[in-house]
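K.L.:
With the sequence up front, the predicted model follows.
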Amino acid sequence: MKASAFLGIFCVAVPVLLCAQSRTPRGVADAGRSTSGATANPFKDLHGWWEVAKATMNGKESHDPALMQGQWQFQSNELLLRSPQKGTVRFALKLDPEARPKAFQVTAIEPPNSGSGWMLFARENNTLKIAFNDNLQGRPSGFESPERSEPELIVLILVPRK
């Protein structure tokens with residue numbers, strides 16, 4: 001299955017893009033507290049705008065514009081994902097505090113029937129690594145995949161948007 005099939009769930013009209021931007025909540029309740037109390041939101045390290053620097057599908061580099069031109073915005077416990085080819089979708093995030101590697105579940109808020117699934121993440125200095133299965137099918141076991149797997153494992157390296 002192609003990456004564009006996964007990103008097909010993001011297909012919405014421009015008015016929805018504008019609507020999603022204007023409805024992004026301010027002061028959304030924390031998604032949870034860390035046991036140390038050092039941070040009020042487990043997604044704090046993800047906050048901000050990110051753009052894709054590198055993409056792989058089943059371990060092979062991908063230059064698919066639907067992946068490479070994606071913009072990711074984490075705010076509180078939400079993800080706003082924009083793709084020039086496919087539109088915008090807003091997800092609620094729920095952290096699995098026991099997961100190794102770290103993982104969160106995404107559930108579409110707007111448009112509401114855009115899907116849900118699992119993503120793995122790892123933050124290293126100024127990069128963010130995200131892994132998910134094509135069409136958000138199942139939960140990836142890690143960031144590495146065999147050359148061929150179904151569903152395909154997509155791994156993105158994100159950097160802060162300039």
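P.N.:
Alright, I've got the coordinates.
K.L.:
okay, CA-based contacts and neighbour counts for the rest of this
P.N.:
OK.
K.L.:
Quick check: which ranges of this protein have low pLDDT?
P.N.:
In the predicted model, the chain carries pLDDT under 70 at residues 1-40, 146-148.
K.L.:
in the protein, which spans are strands?
P.N.:
Along the chain, the stretches classed as strands by DSSP state E are 48-57, 60-61, 71-75, 78-83, 87-96, 103-110, 116-124, 127-133, 153-160.
K.L.:
In CSV, list those strands along with mean neighbour count.
P.N.:
Output for the strands of the chain, formatted as CSV (neighbours: other C-alpha atoms under 10 Å):
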stretch, mean neighbour count
strand 48-57, 19
strand 60-61, 14
strand 71-75, 21
strand 78-83, 22
strand 87-96, 22
strand 103-110, 20
strand 116-124, 19
strand 127-133, 22
strand 153-160, 23
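K.L.:
and of the ones you listed, who's closest to residue 141?
P.N.:
Closest to residue 141 of the strands of the chain, according to C-alpha to C-alpha: strand 116-124, at 8.4 Å.
K.L.:
Fine by me, thanks again.
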